[in-house]
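Trainee: What follows is a predicted structure for the sequence shown.
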Amino acid sequence: MQTNVIPAILCGAALLAGGCSPGTPATAQTPTLAQLPDVDLNAVLAHTRVLSSDEFEGRAPGTKGEELTTAYLIDQFQKVGLKPGNTDGTYVEKVPLVGITPMPAPMVFRKGTQQHVLKWRDDVVAWTKHVADSASIEKSELVFVGYGVMAPEYNWDDFKGVDVKGKTLVILINDPPVPDPSNPSNLDPRVFGGKAMTYYGRWTYKYETAARLGAAGALIIHETAPAAYPFSVVQTKTGEQFDLVTPDKNMGRVSIEGWITVEQGRSLLKMAGQDFDALKKQAATRDFKPVPLGVTASMSIHNTLRTIESKNIVGKIEGSDPALKDEYVIYTAHWDHLGTGPEGIFHGAEDNAVGTAGLIELARAFGRVPVPPKRSILFLAVTAEEQGLFGSEYYAVTPIYPLAKTLANINMDGLNVHGRTKDLTLIGFGASDLDDYAQEATREQGRTIRTDPEPEKGSFYRSDHFSFARQGVPALDPEQGIDFVGKPAGYGQKIIDDYTEHRYHQPSDVILPDWDLSGAQEDLKVFLAVGYRVAQAPKFPEWKPGNEFKATREAMLRK
């Protein structure tokens, strides 16, 4: 952790403005946190009230709720003084999405005369992302590939050059749990982050790797502890799922992607004459090699398709420096939520009407900074986060402005609505220089940074900033602190647990009478300071040595 780099960066920014020389404090030409404007809490609450109202119907993509939401955001972006963010002169980036609803279908495992049928939803949850009426695997050979990881920086390859084209991969969830040689009861912090999950442990990576290797299908064996959620969460994916429409209509993906319960995973390996626990232990070593199971899988999925054109809403403040205004800092928040269902309207007040409201008011605050930012600031309200980060992914893979000229992404997925805290949580703390900027800003408030208390859940890979990170752009993933001013120990975790149990992704996620946005105001000022100071700095922020996205960024900047 390099906390001493921030004063140098700030002084460098002031140097560019003629403000200070090396080794001296920043002058008034580099505003302190206290000199930066506050965000209007009443306005944040008012926007949240509108966006989470019954009228907006839960803000699902492709619905009346989207039409109302995007129209409101465009109107507010104009009112706070943002210029159209798209180069076509509009505030809209169109995002092509396809909704795919699979018909229930069983999966059949066969070995010789043996046959085992997996029940849809109870035993197997599967789908296809092919934009087609149907997709299938027919007597596809099953190959157990351990954790399905190819990570050269860790000298790790679960495939060992084995050709898996046309086969269906059986994969374990999470990263390989490599024991620490000095203390085998712990995980080795030098390999896959130890306890912390890396992207190699995410299910999305496993499906992507299967597609890259030409597999026909990919089945992940679910286990609650390493996945960090029960199989019931997987079962929510039996209805319509959205995806981006790629030029090849997603035909480059494997035909069948899915999960099977751990009980079915054990039965499958037993059917193959293998032992689940023994193979799992072997898979946690570099010596592991793929194991052909001598079992085939068959499944046919028929789809109902609908295509929609959703919208990212984008506005900008143009940089004041002619030499730097074509470089960007991007703030993001997702405007979408879950729409309506038999349970009622999914209002999504905390997730993420309040973050979207914060985005609007951060834009207003940027218009009042004492020294205009040298680089341009982009405010991007993205669609389809709840469907799989698709709005942010679409921007990141088809950017309006080059990612090589994008310095940072700062994402707001929720805000603190429970009062002031002595800390601010940074998910993935230590990933990039952005964390140092945030640490310096919180220090000016007399606050501290709190690291992710549950890094094994891989939260860094589950929100819109990740779409930028995986393309190489340094990204900041802040969450509320838990050490609340004037509250007893344990209060912060108690309110997080209460929200998760009673309101997260439920119609009850509404504005409550006891909301207190004073903590959100302090957090938003930190986010303002980070983006503003990056926009003024003499150099781009970088990923820290050893970070998994560093090589991607360096390759991008060399082009």
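Mentor: Ah, there it is.
Trainee: so Glu257 bridges to which residues?
Mentor: With DSSP bridges applied, Glu257 shows beta-bridge pairing to Trp127, Ala218.
Trainee: Give me the neighbour count for it.
Mentor: 24 (other CB atoms under 10 Å). C-beta: built from backbone N, CA, C; applies to glycine.
Trainee: Kindly state the pLDDT recorded for the nearest residue to Arg364 once chain neighbours are set aside?
Mentor: Excluding the flanking residues, the one nearest Arg364 by CB to CB, 6 or more residues apart in numbering is Val80, at 4.1 Å. Listed pLDDT for Val80 reads 98.
Trainee: could we number from 710 for the rest of this?
Mentor: Yes, from this point I'll number from 710; that puts the last item at Val789.
Trainee: Pull the contacting residues for Val789.
Mentor: By CB atoms under 8 Å, 6 or more residues apart in numbering, the contact set of Val789 is Ile1069, Glu1070, Ala1072, Arg1073, Gly1076.
Trainee: Skipping adjacent residues, who's closest to the second one in space?
Mentor: Closest residue to Glu1070 apart from its sequence neighbours, by CB to CB, 6+ apart: Val748 at 4.7 Å.
Trainee: The one you found and His756, how far apart?
Mentor: 11 Å (CB to CB, to the nearest Å).
Trainee: hey, what's in contact with both of those two?
Mentor: Here Val748 and His756 have Glu1070 as joint contacts, going by CB under 8 Å, 6+ apart.
Trainee: So which residue of the protein lies furthest out from the middle?
Mentor: Going by CA atoms, centre = their mean, the residue of the chain most distant from its centre is Thr822, 44.7 Å out.
Trainee: count of neighbours near the closest residue to Leu1047 other than its chain neighbours?
Mentor: Excluding the flanking residues, the one nearest Leu1047 by CB to CB, 6+ apart is Phe1055, at 3.8 Å. Phe1055 has 23 neighbouring residues, counting by other CB under 10 Å.
Trainee: repeat for Asp842
Mentor: Counted with other CB under 10 Å, Asp842 comes out at 10.
Trainee: Test my guess that it contacts Lys958.
Mentor: No: the pair Asp842 and Lys958 does not pass the contact test of CB atoms under 8 Å, sitting 11.5 Å apart.
Trainee: Next one, pLDDT for Lys869 please.
Mentor: 97.
Trainee: Find the helix or strand that it is a member of.
Mentor: Secondary structure assignment for Lys869, by DSSP states H and E: no helix or strand.
Trainee: distance of it from Thr1092?
Mentor: Taking CB to CB, one finds Lys869 at 41 Å from Thr1092.
Trainee: Name the residue in those two with the higher neighbour count.
Mentor: Thr1092 (31 against 11).
Trainee: Now for the nearest residue to the more buried one once chain neighbours are set aside: which residues touch it?
Mentor: Nearest non-adjacent residue to Thr1092, counting by CB to CB, 6+ apart: Gly1100, 3.7 Å away. Contacts of Gly1100 were listed using CB under 8 Å, 6+ apart, and they are Val804, Ser1019, Asn1021, His1043, Asp1045, Val1091, Thr1092, Ala1093, Glu1094, Asp1173.
Trainee: List the buried residues in the host helix or strand of the second one.
Mentor: When secondary structure is defined using DSSP H and E, the element that contains Ser1019 is strand 1000-1026. If you call a residue buried by 16 or more other CB atoms under 10 Å, then strand 1000-1026 has these buried ones: 1000, 1002, 1004-1010, 1012, 1017, 1019-1026.
Trainee: Same question for stretch 868-885.
Mentor: For stretch 868-885, using 16+ other CB under 10 Å, the buried residues are Phe868, Val873, Lys876, Thr877, Leu878, Val879, Ile880, Leu881, Ile882, Asn883, Asp884, Pro885.
Trainee: and which of those is nearest Gly1201?
Mentor: Asn883 (26.7 Å; CB to CB).
Trainee: What residue, apart from its backbone neighbours, is nearest the residue nearest the centre of the chain spatially?
Mentor: The centroid of the chain falls nearest to Ser1172 when counting by CA atoms, centre = their mean (2.2 Å). Excluding the flanking residues, the one nearest Ser1172 by CB to CB, 6+ apart is Asp1122, at 4.5 Å.
Trainee: where do the strands sit along the stretch 1010-1159 of the chain?
Mentor: 1037-1043, 1049-1050, 1053-1054, 1085-1091, 1115-1120, 1132-1135, 1157-1160 (DSSP state E, counting those that start in this stretch).
Trainee: right, and those strands - which one's nearest Tyr781?
Mentor: Of those, nearest to Tyr781 by CB to CB is strand 1085-1091, at 10.0 Å.
Trainee: orientation of the closest one relative to strand 1115-1120 in degrees?
Mentor: Here strand 1085-1091 runs at an angle of 40 degrees relative to strand 1115-1120 (axes from the mean of the first three to the mean of the last three CA atoms, to 10 degrees).
Trainee: What strands flank strand 1085-1091, and is each parallel or antiparallel?
Mentor: If you go by DSSP bridges, strand 1085-1091 pairs up with strand 1000-1026 (antiparallel), strand 1037-1043 (parallel).
Trainee: Dump the ones you listed into JSON lines; add distance to Gly910 as well.
Mentor: Below are the strands paired with strand 1085-1091 laid out as JSON lines (distance: least, CB to CB, whole Å):
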{"stretch": "strand 1000-1026", "distance to Gly910": "20"}
{"stretch": "strand 1037-1043", "distance to Gly910": "23"}
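Trainee: Mind putting these into JSON lines with mean pLDDT and distance to Lys1248?
Mentor: Output for the strands paired with strand 1085-1091, formatted as JSON lines (pLDDT from 0 to 100; distance: least, CB to CB, whole Å):
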{"stretch": "strand 1000-1026", "mean pLDDT": "96", "distance to Lys1248": "21"}
{"stretch": "strand 1037-1043", "mean pLDDT": "98", "distance to Lys1248": "14"}
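Trainee: among those, which is nearest Gly1064?
Mentor: So among the strands paired with strand 1085-1091, strand 1037-1043 is nearest, using CB to CB, at 4.1 Å.
Trainee: Alpha carbons of the closest one, in PDB - could you do that?
Mentor: The C-alpha trace of strand 1037-1043 is given here as PDB (Å, rounded to 0.1, in the frame of the first residue of the first chain):
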ATOM      1  CA  TYR A1037     -11.900  11.000 -19.700                       C
ATOM      2  CA  VAL A1038     -12.900  10.100 -16.200                       C
ATOM      3  CA  ILE A1039     -16.200   8.100 -16.200                       C
ATOM      4  CA  TYR A1040     -18.700   7.900 -13.400                       C
ATOM      5  CA  THR A1041     -21.300   5.100 -13.700                       C
ATOM      6  CA  ALA A1042     -24.500   4.000 -11.900                       C
ATOM      7  CA  HIS A1043     -27.100   1.500 -13.200                       C
END
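Trainee: Pull out the buried residues from that strand.
Mentor: Buried, per 16+ other CB under 10 Å, within strand 1037-1043: Tyr1037, Val1038, Ile1039, Tyr1040, Thr1041, Ala1042, His1043.
Trainee: any idea how far the fifth one is from Thr877?
Mentor: Counting by CB to CB, the gap between Thr1041 and Thr877 amounts to 36 Å.
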